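>>> Predicted model and sequence follow; I will ask about them next.
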Amino acid sequence: MGAEERDLYRDTWVRYLGELRHRHREPGWHGKPGYANEVGESFRPIVPLAAVWASYGVATAYVTADAIDKGRKAAAAHAQDPSRARRVGVAVADTFVWQSLASVAIPGFTINRLCAASLALLASLTRWPLPVRKWATTAVGLSAIPIIITPIDRSVDFLMDSSIRKLYGTEEPPSAP
């Protein structure tokens, strides 16, 4: 009974489908993030648009599944609590909003704009052939992913601590067991 329950969304291969920066405040959690939509955005210049949208589909499915999982865990942890429904709702909402912002929307937008600017700059500053510029842009996008994670995570924490988390009475994300 002393063993911790294995978290499907951080302790298994599933973590590579979406952003696993979630619950980064949990003690001892330093998991390796997955980068579905950021990778899709990085490859936008060289893959069909449908592949980019598919990467967002994978990331969104991950975010949704993680939010449901955190709600299920909150329900189990607070089975006898009279405020169980509220705790479950807070766990689901906090996870979904945080993940949607920090794992999908903001990083996807950031990599998209970085790659667009990179491709435009390479077109105006070099005489490289288009395929080389596209691959260079993809390399720029991929190399930026680890750099943008921490600032985005901290910004989303600040944003949520300053807004939505005040609505449900805590500045700390709801913890799952």
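Perfect, I can see it now. Residues are numbered from 1 along each chain as shown.
>>> domain assignment for the chain?
With domains defined by the TED database, the chain comprises 85-125, 128-162.
>>> Quickly compare those and say which is most buried.
domain 85-125 (a mean of 19; mean count of other CB atoms under 10 Å). Just so you know, the C-beta spots here come from the backbone N, C-alpha and C atoms, and that holds for glycine as well.
>>> would you list every one of the helices in the protein?
Using DSSP state H, the helices of the chain run over 36-42, 49-77, 84-99, 106-125, 130-161, 164-167.
>>> Quick one: these as CSV, columns for mean pLDDT too.
CSV is the format used below for those (pLDDT from 0 to 100):
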stretch, mean pLDDT
helix 36-42, 94
helix 49-77, 92
helix 84-99, 90
helix 106-125, 97
helix 130-161, 95
helix 164-167, 90
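>>> So which residue is dead centre in this structure?
Nearest residue to the geometric centre of the chain (CA atoms, centre = their mean): S103, 1.7 Å.
>>> what about the residue lying farthest from the centre of the chain, distance to L119?
Ranking residues of the chain by C-alpha distance from their mean position (CA atoms, centre = their mean) puts R127 at the top, at 36.0 Å. Going from R127 to L119 by CB to CB, to the nearest Å gives 15 Å.
>>> and if you look at P146?
Look at P146 and L119: by CB to CB, they are 21 Å apart.
>>> Please apply the same query to D66.
D66 is 32 Å from L119, by CB to CB.
>>> Could you do P151 as well?
23 Å.
>>> Please apply the same query to P129.
Distance of P129 to L119, computed by CB to CB: 13 Å.
>>> same check, this time on V92
The gap separating V92 from L119 is 38 Å, by CB to CB.
>>> Identify the residues contacting the closest residue to V52 other than its chain neighbours.
The shortest distance from V52 to any non-neighbouring residue, by CB to CB, 6 or more residues apart in numbering, is to G40 (4.4 Å). Contacts for G40 (CB atoms under 8 Å, 6 or more residues apart in numbering) come out as 47, 51-56, 108.
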